[in-house]
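Engineer: Dropping a prediction and its sequence here:
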Amino acid sequence: MIVVDINCDVGEGIGNEAQLMPYISSCNIACGGHAGTINTIDATIQLAQQHTVKIGAHPSFPDAANFGRKILEISPNDLQKSIEEQLNLMNERLAVSGAKLHHVKAHGALYNLSAIDQVTANVLVKAIKNTTEEVFLYVPCNSVIEKIALQNNIKIIYEAFADRNYNDDLSLVSRSAENALIVDKTAAFKHVYAMVTDQKVTTVSGKEVPIKASTFCVHGDHPKAIELVKNVVQLLEEHHIKVY
């Protein structure tokens, strides 16, 4: 049986975590950069523990005003300091709850920039090495962050997106474009199923491009996040693909 992971970005102030947790197998908890407070982190950790969901930290550019989705003009040293502060906050709250950090997944503009920019990727990897031990890093395949993480002996898990469309170079279609999001639940399932079974994704130009992933993200702030997650998980399991 094929086994995949379904992850969600959570703890971002949307308030739908209780509805998402029964269906997902890992989560990425905002830890103060673009969103997240001690209270939201603690509440989300508790929900994840109740549903046996793997817990990840979701650091970002320190830019709540833009929800971490714009590249911030910030020095590498200041960015590294911010990421380390976010990861340390997550570690502190996990220690209080007795939970364990499974992975780190960068958020928004930090995720996208680290995929293509060596300086940003190095900053992220240094911050992870300075604050965590034995955690996975969720990365897109064929990315700069993938290579730098492996060079630094950080274990990686390849990630793709269930609710986002792709360009031919495997970058995500810009959120400013009308076709950035996949909103139809059937289309989202077909999108994931092709990536799982064929290791290919159909881009917005109609081209089939090879892709590698074992964890698939639905953004918690997607307007139809709960509907998409429920349907994708249900149909995957009907097709004998286990979500774990």
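Structural biologist: Sure thing, it's come through.
Engineer: Rounded mean pLDDT for whichever helix in the chain runs longest, please.
Structural biologist: In the chain, assigned by DSSP state H, the helix with the most residues is helix 76-97. Per-residue pLDDT values across helix 76-97 average out to 98.
Engineer: For that helix, which residues meet the burial criterion?
Structural biologist: Residues 79-80, 82-91, 93-94 are the ones in helix 76-97 that count as buried (16 or more other CB atoms under 10 Å). (Glycine included, C-beta is placed from N, CA and C.)
Engineer: Quick check: chain neighbours aside, which residue is closest to residue 94?
Structural biologist: residue 101 (5.6 Å; CB to CB, 6 or more residues apart in numbering).
Engineer: Tell me how far that neighbour lies from residue 194.
Structural biologist: Using CB to CB, to the nearest Å, we find residue 101 at a distance of 31 Å from residue 194.
Engineer: Between those two, tell me which one has more neighbours.
Structural biologist: For residue 101 versus residue 194, the count of surrounding residues by other CB atoms under 10 Å is larger for residue 101: 21 against 15.
Engineer: Kindly list the main-chain dihedrals of the more buried one?
Structural biologist: Torsion angles at residue 101 (phi, psi; degrees, to the nearest 10) stand at phi -80, psi 120.
Engineer: just to revisit the earlier point, restricting to C-alpha, output the longest helix of the chain in CSV.
Structural biologist: Taking C-alpha atoms only, helix 76-97 is exported to CSV below (Å, rounded to 0.1, in the frame of the first residue of the first chain):
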residue,chain,number,x,y,z
PRO,A,76,20.6,37.6,6.6
ASN,A,77,21.7,38.0,10.3
ASP,A,78,18.4,39.5,11.3
LEU,A,79,16.4,36.9,9.4
GLN,A,80,18.4,34.1,11.0
LYS,A,81,17.8,35.6,14.5
SER,A,82,14.1,35.9,13.8
ILE,A,83,13.8,32.3,12.6
GLU,A,84,15.7,31.1,15.6
GLU,A,85,13.4,33.0,17.9
GLN,A,86,10.4,31.5,16.2
LEU,A,87,11.8,28.0,16.5
ASN,A,88,12.9,28.5,20.1
LEU,A,89,9.4,29.6,20.9
MET,A,90,8.0,26.5,19.3
ASN,A,91,10.5,24.3,21.3
GLU,A,92,9.5,26.0,24.5
ARG,A,93,5.8,25.4,24.0
LEU,A,94,6.4,21.8,23.0
ALA,A,95,8.4,21.2,26.1
VAL,A,96,5.5,22.5,28.2
SER,A,97,3.1,20.1,26.5
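Engineer: thinking the residue nearest to residue 94 is in contact with residue 132, fair?
Structural biologist: Yes. Using CB atoms under 8 Å, residue 101 is in contact with residue 132, at 6.3 Å.
Engineer: any common contacting residues for these two?
Structural biologist: Listed as contacting both residue 101 and residue 132 by CB atoms under 8 Å, 6 or more residues apart in numbering are 57, 91.
Engineer: got the contact list for the spatially most central residue of the chain?
Structural biologist: With distances taken as CA atoms, centre = their mean, residue 105 lies nearest the centre of the chain, 5.0 Å away. Taking CB under 8 Å, 6+ apart as the contact definition, residue 105 lies against 7, 9, 28, 56, 57, 58, 111, 137, 138, 159.
Engineer: ok, and the most crowded of those?
Structural biologist: Neighbour-wise, the contacts of residue 105 (other CB under 10 Å) top out at residue 58, 33 neighbours.
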